[in-house]
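1. What shape does this take:
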Amino acid sequence: MSSNYAVFLRHGDYHHQAATPGACQPYPLNKAGEEQAVASIQKLLAFTERHHLTIAPSVHSSLLLRAWQTADIICQQLHHRDIERHYAVMESAQLNERSVGSLANLTISQIEQIVADDPRYPATPAGWKSDSYYQLPYPGAESLMDAGMRMAEYINKRMAQLSAQTGCLHIFIGHGAAFRHAAYQQQMITFADIAKLSMFHAEPLFFTLNPTLQWHHVAGDWKIRSSHSSYTD
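-> This next block holds a predicted model:
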């Protein structure tokens with residue numbers, strides 16, 4: 001099996017505005033989220049010890065504060081355990097959650113009212129927030145599938161660039177919906193799984209990429225989504 005391993009890690013719990021798409025909310029981790037980020041270290045270290053790996057010095061993160069803070073806590077904790085090694089956060093917009101563009105940080109009801117009042121467009125369809133292919137008709141908006149595609153492209157590119165670095169675990173910190181859609185793009189899960197699965201805060205999912213560029217789930221548990229929940233970050 002390939003020695004190239006990747007971790008998908010959803011950020012820790014954070015202060016957020018209720019009933020509002022999480023995409024661009026600028027709020028920090030709450031106390032529980034900070035504790036979740038610290039707790040993730042033991043799972044990461046246990047995996048590396050079991051598979052005889054080292055953790056790559058660059059921890060990849062989205063641009064959103066909650067993801068950066070999660071990555072920064074992990075870097076600090078790793079450095080405390082091995083002061084000879086330096087870890088740094090590498091940010092990328094490609095790891096961001098699905099963007100709702102110019103409607104960012106409005107509540108779901110506000111978004112639906114704006115679209116309904118706009119004579120250019122039909123009303124948002126029922127369940128639009130969870131529709132993998134629906135894109136709000138405003139500048140900067142994208143579909144969940146778009147978000148998953150750009151995230152998958154970033155991860156695949158980074159893993160390809162790092163293929164010569166054997167025995168490393170590469171950490172990617174981002175957001176639940178984008179990660180699930182990226183996992184679908186990478187054929188880790190089926191399309192039906194997108195609606196069934198979620199991610200726990202700061203709980204690592206471990207994958208490996210073999211020489212034929214096929215991804216395999218190695219360890220860590222997806223969260224089983226309740227039937228009445230919608231996609232949230």
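2. which residues in this protein form helices?
-> Listed in chain order, the helices of the chain (DSSP state H) span 31-51, 65-81, 108-117, 144-161, 176-185, 191-196.
3. tell me which residues of the fourth one are tucked away?
-> Judged by neighbour count using 16 or more other C-beta atoms under 10 Å, the buried positions of helix 144-161 are 144-152, 154-156, 158-159. Using the backbone N, CA and C atoms, a C-beta is placed for each residue, glycine as well.
4. and which of those is nearest residue 79?
-> Nearest to residue 79 among those is residue 158, at 21.3 Å by C-beta to C-beta.
5. wait, doesn't the closest one sit right on residue 94?
-> No: using C-beta atoms under 8 Å, residue 158 is not in contact with residue 94, being 9.6 Å away.
6. In a markdown table: the helices of the chain, plus mean pLDDT and distance to residue 129.
-> Converted to a markdown table, the helices of the chain look like this (pLDDT from 0 to 100; distance: least, C-beta to C-beta, whole Å):
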| stretch | mean pLDDT | distance to residue 129 |
| --- | --- | --- |
| helix 31-51 | 97 | 22 |
| helix 65-81 | 96 | 19 |
| helix 108-117 | 98 | 6 |
| helix 144-161 | 95 | 9 |
| helix 176-185 | 97 | 9 |
| helix 191-196 | 97 | 12 |
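7. Of all these, which one is nearest residue 217?
-> Going by C-beta to C-beta, the one of the helices of the chain nearest residue 217 is helix 176-185, 8.6 Å.
8. quick revisit: and which of the buried residues of helix 144-161 is nearest to residue 195?
-> Nearest to residue 195 among the buried residues of helix 144-161, with distances taken as C-beta to C-beta, is residue 144, at 10.8 Å.
9. and the closest one, what is it in contact with?
-> Going by C-beta atoms under 8 Å, 6 or more residues apart in numbering, residue 144 touches 98, 131, 132, 133, 134, 177, 178, 181, 231.
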